[in-house]
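J.: I would like the atomic coordinates for the input below:
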Amino acid sequence: MDALRPVGRTLLRDRAYESLREAIVRGDLAPGAPLKDADLAERLGLSRAPVRDALARLCDEGLVETKPQSYTRVTRPVSRIVRDAASVVRVMHELAARTGVPLLGPEGIRTMREANERFSAAVRDSDVETALAADDALHQVLVIASGNHAAAATIARYTPLIRRVERRLFGDAGSCGSAELHTRLIDACEAGDAEAAVRVTTEIWAALEQLADEATEVADVTGIPAPSAP
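T.: As a prediction, this is how the structure comes out:
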């Protein structure tokens, strides 16, 4: 909870949402942790209204669950939900690769290679936060190049469900192999081969769908009942 820093007074609902989502994804707010709007509002330096709005949004996205007059708490990862999210994110990234590669210039390729260098170094150093930030930056290049705002919004909505599991399983989920896959993706992009880029993208994100089973194993140790689907 100490990781929740006070936020400014602009766009309060969005800022509260982003802060709480980050804390959940990072594990600062652990699966099963109770969420009280008054306590969260005090820690964030906000009134209760934007915090309630943020919790409602996180409920819709499957990171928070609530039962009226009973509890509001962080959900635990559930196999089906993680797998569904990974499948949707994979399809959106495939679309971004197919439409983005023809529009990608040298600067985009350079940005992807630099991101992969940061990713590789972070994996070697077991720096999960830097690794996942670099991974996001690399794939975001194609999302931006595609210009598909619907795909970008869908990716932004469902990726946190996957990232929460990746953080818990970092080092055991093939992170080292991802750098090689990234290199293949970048090479396909540089060659202007959109279909090859799509195939590598499929390989990258399909592997993440396998995290669903590990997610269930990790979550089971908490003893927290499974949440309902978002």
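J.: Show the contacting residues for Leu208.
T.: With contact taken as Cβ atoms under 8 Å, 6 or more residues apart in numbering, Leu208 is in contact with Ala86, Val89, Arg90, Ile162, Glu166, Ala173. Heads up, the C-betas are built off the backbone N, CA and C, glycines and all.
J.: show me where this protein has helices.
T.: For the chain, the helices defined by DSSP state H cover 12-26, 37-44, 48-60, 79-100, 106-124, 128-146, 149-169, 175-190, 194-209, 211-220.
J.: Between helix 175-190 and the fourth one, find me the angle.
T.: Going by axes from the mean of the first three to the mean of the last three Cα atoms, to 10 degrees, helix 79-100 is angled at 30 degrees with respect to helix 175-190.
J.: Turn the helices of the chain into a markdown table, including mean pLDDT and distance to Gln69.
T.: Listed next are these as a markdown table, based on pLDDT from 0 to 100; distance: least, Cβ to Cβ, whole Å:
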| stretch | mean pLDDT | distance to Gln69 |
| --- | --- | --- |
| helix 12-26 | 91 | 22 |
| helix 37-44 | 93 | 14 |
| helix 48-60 | 93 | 15 |
| helix 79-100 | 93 | 25 |
| helix 106-124 | 96 | 44 |
| helix 128-146 | 94 | 37 |
| helix 149-169 | 89 | 27 |
| helix 175-190 | 88 | 42 |
| helix 194-209 | 91 | 37 |
| helix 211-220 | 57 | 25 |
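J.: In CSV: those helices, plus distance to Tyr71.
T.: Compiled in CSV, the helices of the chain are given as follows (distance: least, Cβ to Cβ, whole Å):
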stretch, distance to Tyr71
helix 12-26, 15
helix 37-44, 12
helix 48-60, 12
helix 79-100, 19
helix 106-124, 36
helix 128-146, 29
helix 149-169, 20
helix 175-190, 34
helix 194-209, 30
helix 211-220, 17
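J.: if we compare those, which one ends up closest to Thr72?
T.: Among the helices of the chain, helix 48-60 comes nearest to Thr72, with 6.2 Å by Cβ to Cβ.
J.: in that closest one, what counts as buried?
T.: By 16 or more other Cβ atoms under 10 Å, the buried positions in helix 48-60 come out as Pro50, Val51, Arg52, Asp53, Ala54, Leu55, Arg57, Leu58, Cys59.
J.: what sits against the nearest residue to Glu203 once chain neighbours are set aside?
T.: Spatial nearest neighbour of Glu203, excluding adjacent residues (Cβ to Cβ, 6 or more residues apart in numbering): Leu181 at 6.1 Å. Contact analysis of Leu181 by Cβ under 8 Å, 6+ apart lists Val200, Glu203, Ile204.
J.: And the second one, how close does it get to Ile144?
T.: Remark: distance between Glu203 and Ile144 (Cβ to Cβ, to the nearest Å) = 22 Å.
J.: and this structure, what are its domains?
T.: According to automatic domain parsing, the chain comprises the domains 12-75, 79-217.
J.: would CSV of those domains with distance to Leu4 be doable?
T.: Output for the domains of the chain, formatted as CSV (distance: least, Cβ to Cβ, whole Å):
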stretch, distance to Leu4
domain 12-75, 5
domain 79-217, 16
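J.: Just the pLDDT for the residue located most distally from the centre of the chain.
T.: What lies farthest from the middle of the chain is Gln69; by Cα atoms, centre = their mean that is 30.2 Å. Gln69 carries a pLDDT score of 84 in this model.
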